[in-house]
Structure formats: structure tokens, C-alpha cells
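S.K.: Fold the following.
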Amino acid sequence: MDPDDEVMQALADHDRRVTRAGLSIWVGAEPTYTDRFSEAPEWLFDALGDDKQDRALKMLARLERHHKGAAILRSVGRQYGGEPHPRWCVGIYSRRDGLRVWPGPPDPAVAAVATTTAEESNATKVPATLSATLSRVLRSIGLSAATAQTPLQDRVVFRTDGTPPPVCQGDEPALARASLHSERVEGAELEDELADSGNYLIVCREQDGIATLEFPKIPDVKLFERLLDAIANVAIELELPSIILCGYPPPVDSTVCWTTITPDPAVIEANMAPVAGTVDLLQHLRQLESAAKQERLAPLRLQYNGVESDSGGGGHITLGGARPSVSPFLATGHLLPGIVRYFNQHPSLSYLHATDSVGPSSQAPRVDESLNHDLSEFALALELLRRVDSPTPETLWSSLAPFLADPSGNSHRAEINIEKLWNPFLGGRGCNGLVEFRAFRMAPSAETTASLAALLRAVVTMLAKHPFEEPLVSWGPELHSRFSLPYFLHRDMKEVLADLQANDQGLGTPLVERLLRDRDLILAQRTLGSAQLEIRKALEFWPLVGDVATQERGGSRLIDSSTSRVEIRLRSNDPSETLDDWKVVAGSWSVPLHQSVDEDGPVALVGLRYRTFVPLRGLHPTLGAQSPLVLTVSHPRHGHWHVSLHEWHPESEPYAGLPATVDDARRRREQRCVIKPIDATSVSSPTQPPRDAISDPVVDLRWQQLNV
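M.R.: Numbers count the residues shown, from 1 in each chain. I've put the predicted structure just below:
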């Protein structure tokens with residue numbers, strides 16, 4: 001069977017298990033894509049750029065082929081500090097039952113209409129003609145509508161209650177408001193005072209020769225569908241070849257799908273419409289991935305030196321219900337506290353599929369990182385919740401929200417983000433019964449994203465049926481030492497998978513293979529005598545530079561990424577030999593090896609921290625670089641080897657462009673590890689590292705520079 005078909009089959013089995021447990025858990029994803037070959041600012045660090053919007057519209061045009069009868073809408077996006085206007089947001093709006101929601105002419109991104117000079121000269125007449133015709137059509141379907149008086153002939157106002165719109169009385173100055181797309185968004189939510197008073201303003205204008213309609217804020221889906229149908233009839237009557245629909249975002253309920261694409265630093269982000277199961281999720285992810293690929297956009301980056309990283313924008317997954325009232329997190333009061341407890345006990349859920357930047361300064365810190373390891377207040381909050389039989393949504397949110405935030409108090413940046421669970425401060429978008437899991441990097445494939453979604457749904461199902469009330473674990477330094485290493489993260493993830501299996505929520509082998517992420521972490525694998533040496537990239541917890549509160553006001557935050565961490569593993573190729581006599585020396589230190597046993601047999605391992613470069617601005621300005629990382633691996637009978645791990649080409653040669661493929665990237669990583677046999681006389685007498693440098697099983701080699 002094709003591997004992709006095996007994934008689909010495993011997801012179908014997972015969906016059946018969730019249904020059999022009597023739960024409905026909807027899932028949404030936020031995949032991000034980048035141009036991994038571009039070095040333009042918008043694809044490296046900037047949020048905005050014309051190329052991004054052009055490619056996003058072309059992606060939507062391709063997605064529209066899978067959603068015939070959908071409408072493409074160019075609505076207003078989020079407003080961020082330091083930016084003069086809201087970001088753009090383009091989306092596709094369709095009905096879940098497959099019925100047509102937009103029978104009119106297409107958006108120009110779909111139509112690819114070439115406007116001639118003659119058409120441009122006639123286009124200036126479009127707004128007035130369009131507004132008059134639209135007013136007439138709206139009146140024909142029972143709405144009170146009229147065009148605005150001079151000089152506002154390009155505006156239409158309608159009401160739904162039969163009352164004449166105020167435009168006819170000439171006493172509503174708000175009807176002259178500027179385009180929504182050129183105004184700042186103040187507060188937590190986009191407001192429309194005119195619409196709140198029952199007066200819905202539609203602005204008709206011409207944009208690059210194309211008729212353009214700017215929507216007001218429509219309160220419900222049925223009215224919005226009536227409006228779309230009326231506009232479509234107008235456009236058909238006027239024989240418009242294409243039309244741009246923009247303005248306020250559309251209303252959404254369980255009957256419609258609204259998938260958007262927005263800009264973010266270095267990427268474009270797709271906010272997918274939630275679906276009832278992972279089979280549908282994978283199908284939609286594959287469609288999105290295909291559309292991105294055709295626009296030369298990728299879910300990952302391959303660096304010059306062979307490092308595989310994600311797109312740069314994360315890959316969040318959101319769970320909830322078809323509507324807030326049936327969200328599993330609101331319907332089952334003990335579920336969310338149990339999830340928080342379970343994630344606390346299993347750091348692999350936070351770290352194994354994390355981005356390069358993890359820890360308290362990241363975009364998704366764990367609760368015990370945000371609280372600086374003092375869990376007493378949070379433990380009390382959870383115990384108080386445990387004593388409430390059926391906590392209300394208000395009680396759940398108000399009890400947990402103060403703790404599920406980053407160290408600066410930002411509730412959006414939290415590993416388990418509940419700002420849209422039942423948040424009264426976010427208006428209509430805050431009380432949706434949603435929980436967003438933000439600790440995931442953008443996965444390299446649609447299949448991996450779907451596997452992660454299945455993992456989360458399986459954990460939620462298990463904890464809904466079997467309340468988890470174990471006390472919080474205060475990990476202390478162990479959280480950032482032991483669980484920085486892939487070995488212990490894999491062991492922990494296998495414990496999670498075993499829990500699921502024991503509770504009838506086991507995941508199939510095709511999903512498990514993707515959940516046990518490893519290939520992109522491997523830097524080198526070599527045979528040394530009777531042993532196998534493996535070097536893997538480990539997690540490093542990069543700190544913020546400067547005052548956190550000050551950095552909150554900017555569009556980005558400065559971190560010190562000059563420290564790296566690797567995991568060294570040794571395994572014996574001879575079952576009759578132990579690993580006791582193998583030694584690893586780094587500089588003048590004999591680093592202690594942690595002995596363990598797993599399903600593959602005995603293993604000796606250690607994590608090493610070292611400084612790869614000296615940043616222009618960062619911590620420890622007097623600390624030099626320690627690249628390449630130089631080690632001696634030796635055995636009294638089998639030999640001695642000099643191991644050097646370079647950050648770049650070992651001969652300092654330039655690379656001939658970025659890696660073309662993942663295999664090409666992996667060859668470059670292997671090339672950076674240079675191993676040469678040496679004789680015993682070349683092995684110096686090492687000393688033991690000082691206590692300050694050891695955080696079992698990790699040794700911090702930066703402390704060696706104190707002795708230089």
C-alpha cells in the first residue's frame with residue numbers, strides 16, 4: 001500500500017475511535033509556508049510584502065477549484081503594533097453542504113482578467129452604476145436600501161427592519177468614512193458602529209479597473225448569503241467579468257467554511273476552517289500544500305549548511321467543537337485541567353515537535369516555564385477547580401487564564417492558548433470554546449501535521465474518559481537539561497503513545513513513525529571500532545536580550561541564539577561488550593556519559609552546550625566562540641578518534657547555493673562532521689568538569705573558557 005494511503009487509513013481508524021468514545025472534537029490547523037530560495041526581506045523576517053499577497057491570491061485561486069461556488073473575500077486582517085494599517089487577509093468562503101454560496105463573476109485572481117485600455121475608461125462609471133443597481137436589487141429582496149447623496153454616489157446603505165436608511169435623510173456623517181483597509185484597528189476587535197445601529201454601508205469603488213465592493217460587518221450567515229446572492233445578480237446584470245469583495249470579515253457558523261491566508265514574518269499563514277475529523281483535515285492540508293508548492297512555497301527551510309528547519313512561522317493546531325456549546329473543553333469540566341496536568345508530566349508534547357526557539361522566551365512557553373518553576377499558585381488553582389463538579393465556562397477561563405501566559409503576561413503566547421475559550425475581553429471571537437496548541441513547528445508534510453492533530457485528539461479523548469488528576473511535577477533544572485535531548489523526548493513520547501494504546505486510543509504505525517521525529521535531527525552517524533557514534537541536534541533555550549516588557553512593544557523580540565546543544569550517543573555493535581570503557585573528552589574535560597537501556601539495547605549519551613558564534617548584541621560579550629566543536633572519542637582496546645563538528649563547510653568553502661533536496665541537506669550535515677583516527681599518545685589526560693558546568697545529563701562547555 002502507498003505510504004500516503006496508509007496514513008489516511010490510520011487517520012480513519014483514529015476518527016472511528018474518537019467517535020466510538022462518544023466525542024466530537026473538531027480540529028483546525030495554521031500551516032505556514034515560505035519561499036525557501038528567496039532572500040527578500042518579506043521571506044526572511046518582514047511580515048508584509050507585495051509578493052506574499054500575490055502568491056496568497058494565486059493559492060486561493062487554486063483552492064477554489066476544490067470548492068466550486070465559493071467566494072473569495074479580501075477582508076481586513078489583524079492590526080499589529082508598529083504597523084500603520086491592518087494587515088491584508090484573503091480567504092475563501094464556502095458552504096459545508098457543498099451548495100453554491102457565490103454564483104457571480106470571479107475575483108480577478110481567479111479570472112486572470114486582462115483589463116484593456118477601453119475597459120479602464122469605462123470602469124470609472126462602474127461604482128455609480130453598481131451602487132444604483134445594487135440599491136434596486138436589495139429593495140427587490142425586501143431590504144430598505146438607497147444610494148448615498150452627492151458626493152457619495154458610490155455608497156449604498158441598507159437596513160433589515162424596513163426603516164428607511166439614514167442616507168435618505170442626509171444626517172449620518174459616518175457614511176462618509178474612509179475605506180476600512182486604510183484605517184487603524186483600535187481595541188481587541190474590529191468594530192462597525194453603523195452596523196451596530198442597523199445601518200449597513202456598502203462602498204462601491206473601482207480598483208485597477210475592477211469593480212470593488214467593501215462589505216460592512218454582517219451579524220449572521222443567512223443575511224450575508226442573501227447579500228452575496230444580491231451582489232452576484234447585480235454583477236451578472238452589469239456583465240462584470242470580475243469583482244473584488246473586501247471589507248469586514250464575514251460571519252461564520254457551523255454551516256460555512258472560512259479559510260484565510262495572512263502575512264506573518266517570513267511566511268504566509270493559512271488559517272484553515274475547522275473540520276470534524278483528521279481524514280478531512282489531511283485532504284484539505286494536501287490541497288493547501290499542493291497550491292503552495294505550485295507557487296514555489298515550502299513548509300520548511302534547508303539552510304546552506306544542511307540544517308533542516310521549519311518555515312519560520314510555526315504550525316499551530318486548534319481543537320474545539322462545531323459550535324461553542326458543544327466544545328469538549330466546555331462540556332467536560334475536568335478535561336482542560338487534566339490536559340494541563342498531562343502536558344506538565346510529558347515534556348515531549350511541548351518539545352519534540354517544537355520550533356528552534358523554545359523555552360520561556362519563545363512563542364509557546366510551558367506553564368512551568370512562565371511561572372519560573374514555582375507551581376504552588378497554579379497547583380492551588382487546579383485543586384480548587386477539581387472541587388467544582390461542573391465548572392462554568394467563565395470559571396474555567398478565569399481560573400486558568402492568569403497562568404496560561406508567557407512571562408510578560410501575554411496570553412496569546414502560551415503553549416496551551418485559551419484566549420478564545422471563553423474570554424470576555426476579545427468580543428465575539430473570544431468565546432468560541434477553542435484551545436490552541438502552539439508548541440508545534442510547521443511540519444514538513446501534510447501527513448505529519450495530520451498525525452500531530454490525531455495525537456492531540458487522542459489525548460483529549462483519553463483524558464475526557466479518564467480524568468487525569470495527578471499532581472503537577474516541579475521539574476526544576478531537569479526540564480531544560482534532560483528534556484533538551486532527543487533520547488529522553490522519544491522515551492517520553494513513547495510513554496504517551498503507550499497510555500493511548502492502553503485506553504483504546506492507540507495510533508497506527510504510519511502516524512507513530514511521523515510522531516517520533518528524528519531524521520532531521522541527525523547530524524552524523526559513524527561506526528567507530530565496535531561502537532556506533534550518533535550526533536543529534538538538541539534543544540537550546542535561547543534567552544531574551546534586554547527587558548521583556550520593553551520588547552513587547554515592538555514587532556519582534558531580540559534573542560541570543562549563539563548557544564547550541566548537541567546530543568552524543570554511543571551504542572555497542574558487539575552485544576557481548578558493555579559501553580563502560582568508552583570515553584568522550586571535550587577540550588580538557590572528560591564528560592560523564594549517562595548509561596541507559598532502551599528497545600535497541602544499552603546506550604551511553606551526553607548533551608553538550610557550546611557557543612557557536614559571538615553575537616553583535618547578546619549575553620556574555622567576553623565569551624568567545626567554540627566552533628568547531630572538538631571531541632576525542634576513545635576506547636582502550638578499540639582505538640581513539642578525533643571528532644570535529646563544524647557549523648559550516650569543514651574547509652570553509654562556500655556552498656553552491658541552498659540544498660536542492662532534503663537528501664542534499666543531510667549530505668551536507670554529514671560532511672560537516674570530520675572524524676579521524678589518532679594514536680593513544682595524542683590523547684591528553686582530561687580532568688572532570690566543575691559542578692557549575694554539569695546539569696545531568698548535559699555538560700556546559702562554555703565554562704571551559706574560564707580556564708583559558
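
S.K.: Check the secondary structure at the closest residue to E534 other than its chain neighbours for me.
M.R.: Using Cβ to Cβ, 6 or more residues apart in numbering and skipping residues adjacent in sequence, the residue nearest E534 is R569, 4.2 Å away. Quick note: C-beta positions are derived from backbone N, CA and C, even for glycine. Per DSSP: H, G, I helix; E, B strand; the rest coil, the secondary structure class of R569 is strand.

S.K.: same deal with the one 5 residues further on?
M.R.: For D574, the reduced secondary structure class is coil; criterion used: three-state DSSP.

S.K.: hang on, it packs against S530?
M.R.: Yes - counting by Cβ atoms under 8 Å, D574 does reach S530; the two are 4.7 Å apart.

S.K.: Tell me which of the two has more neighbours.
M.R.: Neighbour count, other Cβ atoms under 10 Å: between D574 and S530, S530 has more, with 16 against 10.

S.K.: Check the gap between the more buried one and S682 for me.
M.R.: Applying Cβ to Cβ, to the nearest Å, the value for S530 to S682 is 20 Å.

S.K.: Kindly report the same for D2.
M.R.: 52 Å.

S.K.: Between those two, which has more neighbouring residues?
M.R.: Higher neighbour count among D2 and S682: S682, with 11 against 7, using other Cβ under 10 Å.

S.K.: Disregarding residues adjacent in the polypeptide, which is nearest to the more buried one?
M.R.: H640 is the one closest to S682 (Cβ to Cβ, 6+ apart), at 7.0 Å.

S.K.: State the paired neighbours of the helix or strand containing the one you found in the sheet, together with their directions.
M.R.: Assigned by DSSP states H and E, H640 belongs to strand 639-645. For strand 639-645, the paired strands and their directions (DSSP bridges) read strand 629-635 (antiparallel), strand 673-678 (antiparallel).

S.K.: lowest-confidence helix or strand of the chain?
M.R.: The weakest-scoring helix or strand in the chain, judged by mean pLDDT, DSSP states H and E, is helix 117-123 (a mean of 40).

S.K.: so after that one, what's the next helix or strand?
M.R.: helix 126-140.

S.K.: Report the buried residues of that next one.
M.R.: Of all the residues in helix 126-140, those buried under the rule 16 or more other Cβ atoms under 10 Å are V126, P127, T129, L130, S131, A132, T133, L134, S135, R136, V137, L138.

S.K.: what comes into contact with it?
M.R.: Contact with helix 126-140 is made by 145-148, 153-156, 158, 202, 204-206, 211, 213, 230-231, 233-234, 237-238, 240, as judged by Cβ atoms under 8 Å, 6 or more residues apart in numbering.

S.K.: just stretch 225-243 next, same as before
M.R.: Contacts of stretch 225-243 (Cβ under 8 Å, 6+ apart): 71, 101-108, 110-111, 113, 126, 129-130, 133-134, 137-138, 141, 210-213, 215, 218, 245.

S.K.: ok, now stretch 8-19?
M.R.: The set of residues external to stretch 8-19 that reach it, using Cβ under 8 Å, 6+ apart, is 1, 25, 277-279, 281-282, 450-451, 454, 457-458, 461, 504-505, 507-511.

S.K.: List the residues that contact P84.
M.R.: Per Cβ under 8 Å, 6+ apart, neighbours of P84: R184.

S.K.: Which pLDDT value belongs to the nearest residue to Q79 once chain neighbours are set aside?
M.R.: Using Cβ to Cβ, 6+ apart and skipping residues adjacent in sequence, the residue nearest Q79 is V185, 3.6 Å away. The model reports V185 with a pLDDT of 84.

S.K.: just G430 next, same as before
M.R.: At G430, the pLDDT recorded in the model is 89.

S.K.: what's the burial count for it?
M.R.: Neighbours around G430, by other Cβ under 10 Å: 18.

S.K.: Can you go through the contacts of helix 126-140 and name the buried ones?
M.R.: By 16+ other Cβ under 10 Å, the contacts of helix 126-140 give 145-148, 154-156, 158, 202, 204-206, 211, 213, 230-231, 233-234, 240 as buried.

S.K.: and T578, which of the three is it?
M.R.: coil.

S.K.: got the contact list for A665?
M.R.: L302, Q303, G306, V307, E308, P659.

S.K.: Please repeat the previous calculation with a cut-off of 10 Å.
M.R.: L300, R301, L302, Q303, Y304, N305, G306, V307, E308, D520, L658, P659 (Cβ atoms under 10 Å, 6 or more residues apart in numbering).

S.K.: thinking again about what came up before, from the contacts of stretch 225-243, which land in strands?
M.R.: The strands, defined by DSSP state E, take in A71, I210, A211, T212, L213, F215, L245 from these.

S.K.: contacting residues around the third one?
M.R.: Listed by Cβ under 10 Å, 6+ apart, the contact partners of A211 are 105, 108, 123, 126-127, 129-130, 204-205, 231, 234-235, 238, 240-245.

S.K.: can you map out the strands along the stretch 251-400 of the chain?
M.R.: For the stretch 251-400 of the chain, applying DSSP state E, counting those that start in this stretch gives strands covering 256-264, 267-271, 300-302, 308-310, 316-320.

S.K.: Between these, which one is closest to E647.
M.R.: Nearest to E647 among those is strand 308-310 (14.2 Å), distances taken as Cβ to Cβ.

S.K.: List the contacts of that closest one.
M.R.: Residues outside strand 308-310 that contact it (Cβ under 10 Å, 6+ apart): 32, 34, 36, 267, 298-303, 353-356, 440-444, 519-522, 537, 659, 662, 665-666, 669.
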